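Q: Please work out how this folds:
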Amino acid sequence: MDTRSRSQAPPTALSAQVCPSDPTCYTQAVKYLEWREDMDQEFNALLQNQTWCLIPSRAYMNVIGCKWVFRRKRKANGSIERHKAILVAKGFNQVPGHDFFDTFNPMVKPTTVRLLLSLALSSGWVISDQDLVTHLIKELSTTFKIRDLGEPDLFLGIETIKCDDGILLSQQRYMNDILKRVGMAKCKALSTPISVLKYIPFSADLYEDPTQYRSLVGALHYLTITRPDLSFIVNQLCQHMHAPTVSHWEHLKGILRYVKGTIDFGLRMKKSTSRELHAFSDSDWAGCPEDHKSTSGFAVFLGPNLISWVCKKQRTIVKFSTGAEYKALADVCAEVMWKVSLLREIKVSGISVPKLWCDNLGAIYMCANHIFHAHTKHVEIDYHFVRDKVAS
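A: Below is the predicted model:
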């Protein structure tokens, strides 16, 4: 007896299609037509942009090689959008201070992306006239290599999901990939990323596979683009990249279990006409049990939308909580001034005076106190910087 699904389905629909993984070297990629075509396109683009110039080789020169990096760019549903081959130089064969002195990488900051998304959402920067889009691309293509990608769907591994009052930035597919990579796709979920107990058993034994630890922590660090709730604990794990222990690996698995339980979480952005910048700062005074340094943290909002956040350990030890709070206030003040400069550069009008929020009275009083005491000499530079910005 044939079932309905069996009788109606063609034989090809019952066969499984296995997609090979990304090539790891030129020898593997050159066997496939799609990769050969993309390598030709990449190489011709490098020649067209005059990326390099050929000169005679000298005995004193450190000639470095190149390698191909192959990646499949996928859509939000997991299907392949296009193949991408990139020719990169083996910069790790160079010696800083001898082969090069300065480095420059023209990459956009995640903060800038979130700020522009917030502005585009609130201002309705959507061009529906196809003729106008074609005209803009034609004008810009004379200076830049540009193409129309349509409405935002999946970019940099981040999915944009439309909501009633805005969008949701989600990295759910990326989170699933991380869990599958470490074999924790079906692990038991946790409700918190870190233990709420003050005393946590610690093992000084080094973890047997530090490369795996560094790879997963780096993946979690990229996940903080849309998950500010992971910033603090991921920052703690990043401090032990050089020599991770068994305890650090256990903490890392606890975070992965928390990711499993919050895999639907993302960053919500709402439509709003507000151009007000609000910044909140705080610090965990002497919170590190190893060196008793403080940890600074801040969050910056443009209207109702969270566009920037940072959590990092302070470089120096402070003897009182006010100094730690004031250092965090100085960091967020510099961040806000940069955002104001960016908004003015892209011609955004209606920007109100930014507001800084701090829960430490001592740090607030220092903003208006003209007398500098001996106990606060070590924060003198931060003091004058914040006070000048408040006064202006």
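Q: wait, I137 sits on D148?
A: Yes - in this structure I137 lies within contact range of D148 using CB atoms under 8 Å: 5.8 Å. The C-beta positions use only the backbone N, C-alpha and C, and glycine is treated the same way.
Q: can you map out the helices along the chain?
A: 4-8, 26-29, 33-48, 110-123, 130-140, 172-181, 210-223, 231-238, 246-261, 321-345, 361-366, 380-391 (DSSP state H).
Q: avg pLDDT for the third one?
A: The average of the pLDDT scores along helix 33-48 is 92.
Q: For the remainder of this discussion, apply numbering that starts at 57.
A: With 57 as the first residue, the last one maps to helix 89-104.
Q: which ones are touching the nearest residue to D261 once chain neighbours are set aside?
A: In space, and not counting its chain neighbours, D261 is closest to V302: 4.8 Å by CB to CB, 6 or more residues apart in numbering. Residues near V302 by CB atoms under 8 Å, 6 or more residues apart in numbering: S259, D261, L262, Y263.
Q: domain ranges for this protein?
A: According to automatic domain parsing, the chain comprises the domains 73-149, 167-317, 330-447.
Q: any idea how far K87 is from C81?
A: Taking CB to CB, to the nearest Å as the measure, K87 falls 11 Å from C81.
Q: make that D265, sorry
A: Here D265 is placed at a distance of 23 Å from C81 (CB to CB).
Q: same question, L235
A: For L235, the distance to C81 (CB to CB) stands at 27 Å.
Q: These two: who's more crowded?
A: Legend: neighbour count by other CB atoms under 10 Å for L235 and C81, higher for L235 (17 against 11).
Q: Model confidence at the nearest residue to the more buried one once chain neighbours are set aside, what's the number?
A: Nearest non-adjacent residue to L235, counting by CB to CB, 6+ apart: A241, 4.7 Å away. Per-residue confidence (pLDDT) for A241: 93.
Q: can you count the residues close to A241?
A: Other residues near A241 come to 12 when the count uses other CB under 10 Å.
Q: cool, and the one 10 residues further on?
A: When neighbours are defined as other CB under 10 Å, S251 has 12 of them.
Q: For the stretch 107-256 of the chain, give me the ranges with low pLDDT.
A: Across the stretch 107-256 of the chain, the ranges flagged by pLDDT under 70 are 182-189, 200, 252-256.
Q: how about a cut-off of 90?
A: Along the stretch 107-256 of the chain, segments meeting pLDDT under 90 span 107-111, 113-121, 128-138, 145-165, 169, 172-173, 175-214, 216-222, 249-256.
Q: Could I get the full set of strands for it?
A: Counting by DSSP state E, counting those that start in this stretch, one finds strands in the stretch 107-256 of the chain at the ranges 122-130, 136-145, 210-211, 214-218, 222-226.
Q: need the contact list for the residue lying closest to L358 once chain neighbours are set aside.
A: Spatial nearest neighbour of L358, excluding adjacent residues (CB to CB, 6+ apart): S174 at 5.2 Å. Under the criterion of CB under 8 Å, 6+ apart, the neighbours of S174 are M325, L358, G359, N361, I363.
Q: same thing but at 7 Å, please
A: S174 makes contact with M325, L358, N361, I363 under the criterion CB atoms under 7 Å, 6 or more residues apart in numbering.
Q: May I ask you to confirm that the second one is in contact with L333?
A: Yes - contact between L358 and L333 holds when scored by CB atoms under 7 Å: they sit 6.0 Å apart.
Q: and stretch 157-176, how far out from the chain's middle?
A: Here stretch 157-176 shows a centroid-to-chain-centroid distance of 10 Å under the convention CA atoms, centre = their mean, to the nearest Å.
Q: now do stretch 231-242
A: Per CA atoms, centre = their mean, the centroid offset for stretch 231-242 relative to its chain is 19 Å.
Q: Kindly report the same for stretch 130-141.
A: On the basis of CA atoms, centre = their mean, stretch 130-141 is displaced by 20 Å from the centre of the chain it belongs to.
Q: who touches it?
A: Stretch 130-141 is contacted by residues 85, 90-91, 94-95, 98, 124, 126-129, 209-210, 215 when judged by CB under 7 Å, 6+ apart.
Q: Please indicate which of those are buried?
A: Buried by 16 or more other CB atoms under 10 Å: A85, W91, D94, M95, W124, F126, R128, L210, E215, out of the contacts of stretch 130-141.
Q: which among those gets closest to F157?
A: Ranked by distance to F157 (CB to CB), those are led by W124 at 27.6 Å.
Q: partners of the closest one in the sheet?
A: Assessed by DSSP bridges, W124 has beta-bridge partners L143.
Q: one step back: make CSV from the contacts of V302 and add neighbour count and pLDDT to it.
A: Below are these laid out as CSV (neighbours: other CB atoms under 10 Å; pLDDT from 0 to 100):
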residue, neighbour count, pLDDT
S259, 12, 72
D261, 9, 88
L262, 12, 92
Y263, 19, 93
